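Chemist: just to be clear, the model below is a prediction. Sequence and coordinates:
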There are 2 protein chains.
Amino acid sequence: MTTMRDVAAVAGVSQKTVSRVYNGDPHVLPETRERVLKVLEELRYTPNALATTFRAGRAPVIGIAVPDIVDPFFGAIARAVDEEAARHDMSTLVTSIGEDPEREAEIVNSLLTRSPSGLVLASVRPEQSYLGVWLDKLPVVFVDRAPTGVVADSFTDDDLGGARLATADLIGHGHRRIAFVGDRLSLPTTSRRLDGYRQALGAAGLAFDPDLVALGVSDRTSARAALERLRLVEGPPSALFSSNGRVTMFLWPAVKDLPLALCSFGDLPMADSLTPSLTVVDQDPARVGLLAARRVLDRLAYPSRRYKRKTVLEVKLVERQSCRLENW
Amino acid sequence: MTTMRDVAAVAGVSQKTVSRVYNGDPHVLPETRERVLKVLEELRYTPNALATTFRAGRAPVIGIAVPDIVDPFFGAIARAVDEEAARHDMSTLVTSIGEDPEREAEIVNSLLTRSPSGLVLASVRPEQSYLGVWLDKLPVVFVDRAPTGVVADSFTDDDLGGARLATADLIGHGHRRIAFVGDRLSLPTTSRRLDGYRQALGAAGLAFDPDLVALGVSDRTSARAALERLRLVEGPPSALFSSNGRVTMFLWPAVKDLPLALCSFGDLPMADSLTPSLTVVDQDPARVGLLAARRVLDRLAYPSRRYKRKTVLEVKLVERQSCRLENW
DNA sequence: TTGTAAGCGTTATCAC
DNA sequence: GTGATAACGCTTACAA
């Protein structure tokens, strides 16, 4: 690789002058610039990004840590961050945390070790105090799930409102016994969606029945078990509210042939082409990712500016067939 | 941040000794080591990864470039690479190329600029000579699609065999007019799958009819258009062979209600829970990613060893309902 | 306008 | 066994 030194030697100027020319510093005589540019060209100079990064103290990179990059929801967030980052000559360091809260700190810390310029995080932990001092060193933006125990920017969906919408819709279709199916209440999304569900029940004058709350769904097996338990409840549910797309995916194979209405918080890749087609609360992960990336970039560009910490994005109900199975 | 200098000053040794201790160099007196270790601890020394990286000349990072990280197929590859990389204290720089061949060179080059230690690439171009000199500088491993115009490692699926399997299966279910639906023949996967399809037809004594080849499917609209054209062909198809999962996703909404058998090369997230359930040629993207990552790491660890360039992974047919609609 | 010198934090060389 | 010293390639003072 040719360095600035090499160019300087050939052009008969100092290394610094090459640096000036390359970086567009105006304090260079046109003729000098001309000469240096020519040599730059001839020698196919490419800056050593590692050196620049070292000097700058941070990499032109945005770190992304999400539970699972294979989940299209998080994939869409990652992709949007990547696209916005690319527009600013940045790359993205992506990593999947998995669902084990214990491992998150280690994984994210190892990401932070690489000195990214910013971090976009969808945490699987109930709180994120492990981030500690990092929060002062680089912009950290939470997506999908707001932080607990630390202060940082977040872009989340309206879990409360969305859950109310979905539940109210099922109620509107005549359901009176509606189950809530979810994964872990330690996730803010799940707990807030449960709150929204309860609010909608209350608003309709329906009692909240703890027996109709099924948690711990993390795969098809647990989904099936949850369903079986629910069906044995006295006054079994005629409808399900699934708290996220992942849960819905696990639930679907078992639910689709049952006379159970279903509404999912979170879209699925082929939701509209399932049989029956799936009614969902539609989120916009690409938008979340875009906004998060922009916030990171804004904070880098204007470190002293003040920003709104919590941004909650509207969600909308996309009504399809699965909420209408009123033939229990 | 405390540096080796700081530690050296406190411990009363030279910086180099601190380096030796930290890196486990045996040529240090036990007592010196003891003292340094203590200070290392007290000052909570953490190495500046940027400096190490700069010194090393390459980042402890594996670059991943795929058409679209949101596609679960490529997401699974990326995740597997990430997991294997993490086991070796490496991170992954992930980027989505998109479907435009023109942009690939720029995007991948910008990734390479960051000096990753290796690159895992699923190219959207018909040839990859733009990689040029990079191929001598870091291990580049192609996934899903073998390289053209350059020599590099690749881990691909058995496109030919899989397409034969799928086509033969449809033939076995009595279909005689089988259409091939795909995206771009410039992709080696698509062209080889077309070859396999033709081979299976030939083996069964069926004529190849160019009218039954529908290409250019890149979204739902083009999928619908392709379908409509196919249905107008003289002697219309009673079955479709879809050349990849993405094409199948676009095709599905229009196909599912038609009396058309369908077999897809490539699994979909809920293939078994669609109605009808989808017969697929099952690939194993996680395995592809794992093998690719390992190859990168192997080449880094043993630069002079020789490796098998092309690895073709077996695929298997997962027969479900969609291939059995014999009621045209 | 241009150049010199120093420094980022680490590792490699080579004396001692 | 240990420690000066240099080097990686770039940018930031500061001089000239």
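Modeler: Great, that's in hand. Quick caveat, the model's predicted, so the values are computed rather than measured. Numbers count the residues shown, from 1 in each chain, chains lettered A, B, ... in the order given.
Chemist: what angle separates the lengthiest strand in chain A from strand B:59-66?
Modeler: Looking across chain A with DSSP state E, the single longest strand is strand A:59-66. For strand A:59-66 against strand B:59-66, the angle by axes from the mean of the first three to the mean of the last three Cα atoms, to 10 degrees is 60 degrees.
Chemist: how far away from the center of its chain is strand A:59-66?
Modeler: A distance of 12 Å separates the centroid of the chain from that of strand A:59-66, by Cα atoms, centre = their mean, to the nearest Å.
Chemist: what strands line up against that strand, and which way round?
Modeler: Strand A:59-66 has the following strand partners under DSSP bridges: strand A:91-96 (parallel), strand A:116-121 (parallel).
Chemist: export the helix or strand just after it to PDB, keeping only CA atoms.
Modeler: On the C-terminal side of strand A:59-66, the nearest following helix or strand under DSSP states H and E is helix A:72-87. What follows is helix A:72-87, C-alpha atoms only, in PDB (Å, rounded to 0.1, in the frame of the first residue of the first chain):
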ATOM      1  CA  PRO A  72     -37.000 -10.100  10.000                       C
ATOM      2  CA  PHE A  73     -38.100  -7.500  12.500                       C
ATOM      3  CA  PHE A  74     -34.600  -7.000  13.800                       C
ATOM      4  CA  GLY A  75     -33.100  -7.600  10.400                       C
ATOM      5  CA  ALA A  76     -35.100  -4.700   9.000                       C
ATOM      6  CA  ILE A  77     -33.800  -2.500  11.800                       C
ATOM      7  CA  ALA A  78     -30.300  -3.600  11.100                       C
ATOM      8  CA  ARG A  79     -30.600  -3.000   7.500                       C
ATOM      9  CA  ALA A  80     -32.000   0.500   7.900                       C
ATOM     10  CA  VAL A  81     -29.200   1.400  10.200                       C
ATOM     11  CA  ASP A  82     -26.700   0.000   7.700                       C
ATOM     12  CA  GLU A  83     -28.200   2.000   4.900                       C
ATOM     13  CA  GLU A  84     -28.200   5.300   6.800                       C
ATOM     14  CA  ALA A  85     -24.700   4.600   8.100                       C
ATOM     15  CA  ALA A  86     -23.500   3.900   4.600                       C
ATOM     16  CA  ARG A  87     -24.800   7.300   3.500                       C
END
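Chemist: packing partners for helix A:72-87?
Modeler: Packing partners of helix A:72-87 (3 or more Cβ pairs under 8 Å, 6 or more residues apart in numbering or on different chains; DSSP states H and E): strand A:59-66, strand A:91-96, helix A:245-255, helix A:285-301, helix B:72-87, strand B:91-96. From N, CA and C alone the C-beta is placed, and that goes for glycine too.
Chemist: before we move on, back to that, mean neighbour count, mean pLDDT and distance to B:Leu212 added to the strands paired with strand A:59-66, as CSV?
Modeler: As requested, the strands paired with strand A:59-66 are exported to CSV (neighbours: other Cβ atoms under 10 Å in any protein chain shown; pLDDT from 0 to 100; distance: least, Cβ to Cβ, whole Å):
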stretch, mean neighbour count, mean pLDDT, distance to B:Leu212
strand A:91-96, 25, 98, 40
strand A:116-121, 26, 98, 46
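Chemist: and A:Gly63, which of those is closest to it?
Modeler: A:Gly63 lies closest, by Cβ to Cβ, to one member of the strands paired with strand A:59-66: strand A:116-121, at 3.8 Å.
Chemist: angle of that closest one against helix A:285-301?
Modeler: Relative orientation of strand A:116-121 versus helix A:285-301 (the same axes, to 10 degrees): 150 degrees.
Chemist: for strand A:116-121, list the C-alpha coordinates in PDB.
Modeler: Extracted C-alpha coordinates of strand A:116-121, given in PDB (Å, rounded to 0.1, in the frame of the first residue of the first chain):
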ATOM      1  CA  PRO A 116     -17.700   2.000  17.400                       C
ATOM      2  CA  SER A 117     -18.800   5.600  17.100                       C
ATOM      3  CA  GLY A 118     -22.300   4.700  18.300                       C
ATOM      4  CA  LEU A 119     -24.500   1.800  19.400                       C
ATOM      5  CA  VAL A 120     -28.000   0.800  18.500                       C
ATOM      6  CA  LEU A 121     -29.300  -1.700  21.000                       C
END
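Chemist: redo the helices and strands packed on helix A:72-87 as CSV? Include distance to DNA strand C.
Modeler: Listed next are the helices and strands packed on helix A:72-87 as CSV, based on distance: least, Cβ to the nearest atom of the strand, whole Å:
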stretch, distance to DNA strand C
strand A:59-66, 14
strand A:91-96, 20
helix A:245-255, 40
helix A:285-301, 20
helix B:72-87, 19
strand B:91-96, 17
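Chemist: make JSON lines out of these and add distance to B:Asn244.
Modeler: Formatted as JSON lines, these follow (distance: least, Cβ to Cβ, whole Å):
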{"stretch": "strand A:59-66", "distance to B:Asn244": "25"}
{"stretch": "strand A:91-96", "distance to B:Asn244": "23"}
{"stretch": "helix A:245-255", "distance to B:Asn244": "21"}
{"stretch": "helix A:285-301", "distance to B:Asn244": "23"}
{"stretch": "helix B:72-87", "distance to B:Asn244": "8"}
{"stretch": "strand B:91-96", "distance to B:Asn244": "17"}
